[in-house]
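Asker: give me a model of this one.
(one chain, ligands or ions: 3)
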Amino acid sequence: MSTYKLFVLPGDGIGPEVMAEVEKIAAFLTKQGVATFEIEKGLVGGAAYDAHKVSISEDDMKRANAADAILLGAVGGPQWASVAYDVRPEAGLLRLRKDLVLFANLRPAICYPALADASSLKRELIDGLDMMLVRELTGGLYFGSPKEITDLGNGQKRAVDTQPYETYEIERIGRVAFELARKRRNKVTSCEKNNVMKTGVLWRETIIALHKREFPDVELEHQLADACGMQLVRRPKQFDVIVTDNLFGDLLSDVAAMLTGSLGMLPSASLGAVDEKTGLRKALYEPVHGSAPDIAGKGLANPIAMIGSFGMALRYSFGLGALADKIEAAIAAVLAKGLRTADIKGNASSTVSTAQMGDAVLAALRASL
Ligand code: NAD
Ligand code: IPM
Ligand code: MN
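Answerer: Residues are numbered from 1 along each chain as shown. Ligands and ions are numbered 1, 2, ... in the order given. The predicted structure follows:
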């Protein structure tokens, strides 16, 4: 039986609450002899700041580097609003992404039939939705320099963020999108703003050349990022794979989340390149949502995005696609039975807690093994 080293970073707010449900599932699978998950735990975000005055320690960076996969809950919260910018909670997550070169962020938005009424959109628009947003994760506005605020000395300040993209960065994320599309409905929508941004111009011409050279069999269309946001709420089922830059991907994935009913439903995988010698890749799995300070500590958080992220780890890091399918089926079964956390309550008469939802998914999984 294979052994997988998971480095678990629960983080802040609801992070530890939703992570606890994944730990239950991993422990169950280990006990059943399905696979052995060895869990090591570390600190990231505000939790790391409180312990070490950094957003992630060097020791935990080493352990993240050595793991087969990293699971991260969420970082951030109002109690760290005034800590220095470079040690704010979000910096720990950004460092993990950048230092491990996790350039490909896969954010699948699937609307489970039972949840079609929990979305703010009409059922017919989203019922059966299955799209994948591919977000570039290590370049662009998040990491470009200069990134600074200068005091102009006349009572005014000047802030600047910089968005750089190089051809190779666009090509490698484009390849991920085209390859995924080939295994799905074979369509890629590339999204930028080439009408106002130079990075948009390079993005579009690079994607067009890559398509012509390596993926002529895949249908390719282009949308301006603002129009793409509009189309996501107008007619979301037109999309199969969307590929876009770091900032637009951040915005559009929160929009896509509401198509599935709640941010608490959306998992994600952040992947590095496959090492040609070992066939392995660095990877971090995290829900799209944040630390949800408004509901933290109350047992109200939906653990499905975190459980789904663990499912993505099984699929993309461990080659356990069939087991990942079972986890997704267990989630669908629990939703079909009518179990709802508060965020997806819709018209339901009652709701369950984080732990009750996790236990129900685990019970459905157990029944399917
Ligand atoms: P958020 O995603 O934490 O919350 C947005 C809204 O969605 C809130 O009303 C929250 O209660 C709800 N929500 C989110 N996840 C939920 C879940 N699993 N179940 C039920 N409801 C859920 O975004 P925010 O409030 O803008 O940010 C809070 C903090 O989280 C900030 O510090 C931000 O930087 C951070 N953040 C972290 C990550 C991450 O760690 N990957 C992602 C986004 C935001
Ligand atoms: C996300 C989050 C992060 C981002 C923050 C917490 C740094 O919003 O993963 O979507 O902006 O990338
Ligand atoms: Mn975000």
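Asker: now the residue sitting furthest away from the middle of the chain: phi and psi?
Answerer: Most distant from the centre of the chain: residue 154, at 42.4 Å, with distances by C-alpha atoms, centre = their mean. Main-chain torsions, residue 154, degrees, to the nearest 10: phi -120, psi 30.
Asker: over to residue 3?
Answerer: phi -110, psi 130.
Asker: residues contacting the closest residue in space to it that isn't next to it in sequence?
Answerer: Nearest-residue entry for residue 3: residue 36, 4.3 Å, with adjacent residues in sequence omitted and distances by C-beta to C-beta, 6 or more residues apart in numbering. For glycine as for every other residue, the C-beta is placed from the backbone atoms N, C-alpha and C. Counting by C-beta atoms under 8 Å, 6 or more residues apart in numbering, residue 36 makes contact with 1-4, 30.
Asker: please apply the same query to residue 330.
Answerer: Contacts of residue 330 (C-beta under 8 Å, 6+ apart): 361-362, 364-365, 368.
Asker: can you pull up the most central residue in this structure?
Answerer: The residue lying closest to the centre of the chain (C-alpha atoms, centre = their mean) is residue 268, at 2.7 Å.
Asker: pretty sure residue 173 sits against residue 140.
Answerer: No - contact between residue 173 and residue 140 fails when scored by C-beta atoms under 8 Å: they sit 10.3 Å apart.
Asker: give me the more crowded residue out of these two.
Answerer: residue 173 (30 against 24; other C-beta atoms under 10 Å).
Asker: in what helix or strand does the more buried one lie?
Answerer: helix 167-182 (DSSP states H and E).
Asker: is any residue of stretch 314-331 near ligand 1?
Answerer: No - legend: contact between stretch 314-331 and ligand 1 by C-beta under 6 Å from any ligand atom is lacking; minimum distance shown is 13.2 Å.
Asker: list the buried residues of that stretch.
Answerer: 314-318, 320, 323-324, 326-328, 330-331 (16 or more other C-beta atoms under 10 Å).
Asker: just these now: which is nearest ligand 1?
Answerer: residue 331 (13.2 Å; C-beta to the nearest ligand atom).
Asker: wait, that closest one sits on residue 307?
Answerer: Yes - using C-beta under 8 Å, residue 331 is in contact with residue 307, at 6.7 Å.
Asker: give me the common contacts of the two.
Answerer: Counting by C-beta under 8 Å, 6+ apart, the common neighbours of residue 331 and residue 307 are residue 361.
Asker: residue contacts, the one residue in the chain that gets nearest to ligand 2?
Answerer: Residue nearest to ligand 2 within the chain (C-beta to the nearest ligand atom): residue 90, separated by 3.9 Å. With contact set as C-beta under 8 Å, 6+ apart, residue 90 has these partners: 45, 55, 75-76.
Asker: where's it, which helix or strand?
Answerer: For residue 90, the enclosing helix or strand under DSSP H and E is helix 89-99.
Asker: repeat for residue 161
Answerer: Secondary structure (DSSP H and E) places residue 161 in strand 157-162.
Asker: how about residue 221?
Answerer: Assigned by DSSP H and E, residue 221 falls in strand 219-224.
Asker: buried residues of that strand, list them for me.
Answerer: Applying 16+ other C-beta under 10 Å to strand 219-224 flags 220, 222-224 as buried.
Asker: what does the stretch 151-300 of the chain have sitting close to ligand 1?
Answerer: For the stretch 151-300 of the chain, the residues found near ligand 1 under the criterion C-beta under 6 Å from any ligand atom are 263-264, 286, 289-295.
Asker: now with 8 Å, please.
Answerer: Contact residues, the stretch 151-300 of the chain versus ligand 1 (C-beta under 8 Å from any ligand atom): 254, 262-264, 286-295, 300.
Asker: of those residues - the most surrounded one?
Answerer: Neighbour-wise, these (other C-beta under 10 Å) top out at residue 287, 30 neighbours.
Asker: between the two ends of stretch 279-297, what distance do you get?
Answerer: End-to-end span of stretch 279-297 (C-alpha to C-alpha, to the nearest Å): 40 Å.
Asker: hang on, I meant stretch 259-274
Answerer: 31 Å.
Asker: let me see the mean pLDDT of stretch 137-150.
Answerer: For stretch 137-150, the mean per-residue pLDDT is 98.
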